[in-house]
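1. Take a look and give me a structure for this.
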Amino acid sequence: MWYQKFKIFYSARELGRIRKISTSDIEDFLKEVLAMLLSGLTVNDAIFIILKNTPKNHIKTIIQKIYFKLGQGKNFSSALSVFKKSLHQNYFQILIAGEKCDKMVLAIELIVEDMKEKRLYKEKIKRSIRYPASIFLLAILICIGLLIFVVPEFSKLYNSANISLPCATLFLIKISNMILNHTKVLIFISLIFFMSVFMFFKSNKNIFFFIPFFKNLIIKNIMVKWLTLLAMMLQANMALPESLIIANKVAGETPIRHILDKIQRLVLNGHSFSSALGCLSHLPMKIKTMLIFADQSDALRYRIAKIANTHQAEFADYLDNLSKLIEPVMMVLVAVVIAVIALAIYLPVFRMGNLV
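-> From the prediction side, this is the model:
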């Protein structure tokens, strides 16, 4: 029966028109699946209804593949392998754990909630850097405008007056002449420079980890993700050692990874989670104390989600305070740069007044 339904929607022509699936598309799809499962439908029926009512062709093509795999007897986590390029590997582990424990609905619910939190988190970061970045760009444009249009006019005035210029003004005039006379060369050099910097940071992803300010920010971010994912694993009834194996992957290849792996090894060797946390100095003492008490009272599985939310809220407050600090600092820097340029331009005018 499923195959007859599938033939209605399956089209070889559409398979060649697959567009890239965004994370928001996957989130919406999983939300619909979750709503269907909560209403009592089976996974196959839920996917069929979603397939029938999906207006976007590129998503419908993917859902067709999922429905086809389910019809072949594969489980939901295997069928979702069509999203493997867009969906994080940890989510597949959560689904597998949910299928093993017969808690598929809980697993999908945890994934949807985590995707929502990550989306809101990214939006918060974008909002926090959008205004400072725009101010910085505006400052650069103003400086370039002064060097191209204002400084040359003052340079002509000073040449006609035949007065000696201070070093700051001479330096500014040289920069202005360089921009006007070698525009194409400077643009080419700038492009090469920015491309080289981009490639350097892309090939050295851990370079920020050795800068104190960024190191603190990266560690806080990793700890939030680690606690959140660990909470999801434990809520899906996965064992603590297995949960740690998956949660530790959020650290990637950063130097903090070996500390998290050490905790995992200690737990595997029979140590308690609370004693293993002793080697993790990157968690705030309050959060670490809450985890230790939860583990010692055998309530880690039930309390870790609240602890993770607490740490996530603290990190969100940290980002908010950081964004509030960045804005005035950027404004001061912009004001100082423009003031220095203006002073360098008008300093000879004051000298001309003294000569008169």
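
2. Quick check: can you list the domain ranges of the protein?
-> 2-87, 116-356 (automatic domain parsing).

3. closest to Met104 out of these?
-> Minimum separation from Met104 across the domains of the chain (C-beta to C-beta) falls at domain 2-87, 6.7 Å. Placement of C-beta: from N, CA and C, glycine included.

4. which SSE is Phe213 in?
-> helix 212-235 (DSSP states H and E).

5. contact partners of that helix?
-> With contacts defined as C-beta atoms under 8 Å, 6 or more residues apart in numbering, helix 212-235 is touched by 90, 93-94, 97, 106, 110-111, 114, 117, 208-209, 240, 242-244, 246-248, 250-251, 254, 256, 260, 282-283, 287, 300-301, 304-305, 307-308, 311-312, 315, 318, 322.

6. among those, which are in helices?
-> Those of the contacts of helix 212-235 mapping onto helices are 90, 93-94, 97, 106, 110-111, 114, 117, 240, 242-244, 246-247, 260, 287, 300-301, 304-305, 307-308, 311-312, 315, 318, 322, per DSSP state H.

7. Please convert the buried members of those residues into ChimeraX selection syntax.
-> In ChimeraX, this line selects whichever of the ones in helices among the contacts of helix 212-235 come out buried by 16 or more other C-beta atoms under 10 Å:
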select :90,93,94,97,106,110,111,114,117,240,243,244,246,247,260,287,300,301,304,305,307,308,311,312,315
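
8. what number of residues lie near the closest residue in space to Ala276 that isn't next to it in sequence?
-> Nearest residue to Ala276, sequence neighbours excluded (C-beta to C-beta, 6 or more residues apart in numbering): Leu266, at 3.9 Å. When counting by other C-beta atoms under 10 Å, one arrives at 18 neighbours for Leu266.

9. helix or strand for Leu266, which one?
-> helix 257-268.

10. quick one, helices of the stretch 1-150 of the chain?
-> 2-9, 12-15, 23-38, 43-53, 57-71, 76-79, 89-100, 104-145 (DSSP state H, counting those that start in this stretch).

11. What angle do helix 23-38 and the fourth one make with each other?
-> Computed by axes from the mean of the first three to the mean of the last three C-alpha atoms, to 10 degrees, the angle separating helix 43-53 from helix 23-38 equals 130 degrees.

12. And helix 43-53, how far out from the chain middle?
-> Relative to its parent chain, helix 43-53 has a centroid offset of 32 Å by C-alpha atoms, centre = their mean, to the nearest Å.

13. Enumerate the positions of it that are buried.
-> Here helix 43-53 shows 43-44, 46-48, 50-51 as buried, counting by 16+ other C-beta under 10 Å.

14. low pLDDT regions in the chain?
-> 1-19, 128, 205-206, 208, 351-356 (pLDDT under 70).

15. Would you mind measuring from the nearest residue to Lys262 once chain neighbours are set aside to Ile259?
-> Excluding the flanking residues, the one nearest Lys262 by C-beta to C-beta, 6+ apart is Cys279, at 5.6 Å. Cys279 is 6 Å from Ile259, where distance means C-beta to C-beta, to the nearest Å.

16. Those two: which has the busier surroundings?
-> Legend: neighbour count by other C-beta under 10 Å for Cys279 and Ile259, higher for Ile259 (15 against 11).

17. how much space between Thr54 and Pro166?
-> 69 Å.

18. actually Ile129, not the one I typed
-> Counting by C-beta to C-beta - Ile129 and Pro166 are separated by 37 Å.

19. now do Pro55
-> With C-beta to C-beta as the criterion, Pro55 and Pro166 are 68 Å apart.

20. Also Ile189?
-> 28 Å.

21. higher neighbour count, these two?
-> Pro166 (14 against 11).

22. For the residue nearest to the more buried one when sequence neighbours are not counted, the count of nearby residues, please.
-> Once flanking residues are discounted, Pro166 sits nearest to Leu347: 5.3 Å by C-beta to C-beta, 6+ apart. Leu347: 15 surrounding residues under other C-beta under 10 Å.

23. can you tell me which residues contact Leu347?
-> Taking C-beta under 8 Å, 6+ apart, one finds 166, 168-169 in contact with Leu347.

24. In TSV: those, plus secondary structure and distance to Ile144.
-> Converted to TSV, those look like this (DSSP: H, G, I helix; E, B strand; the rest coil; distance: C-beta to C-beta, whole Å):
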residue	secondary structure	distance to Ile144
Pro166	coil	22
Ala168	helix	18
Thr169	helix	18
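
25. And those, which is closest to Pro152?
-> Scanning these for proximity to Pro152, where the rule is C-beta to C-beta, the winner is Thr169, at 12.6 Å.
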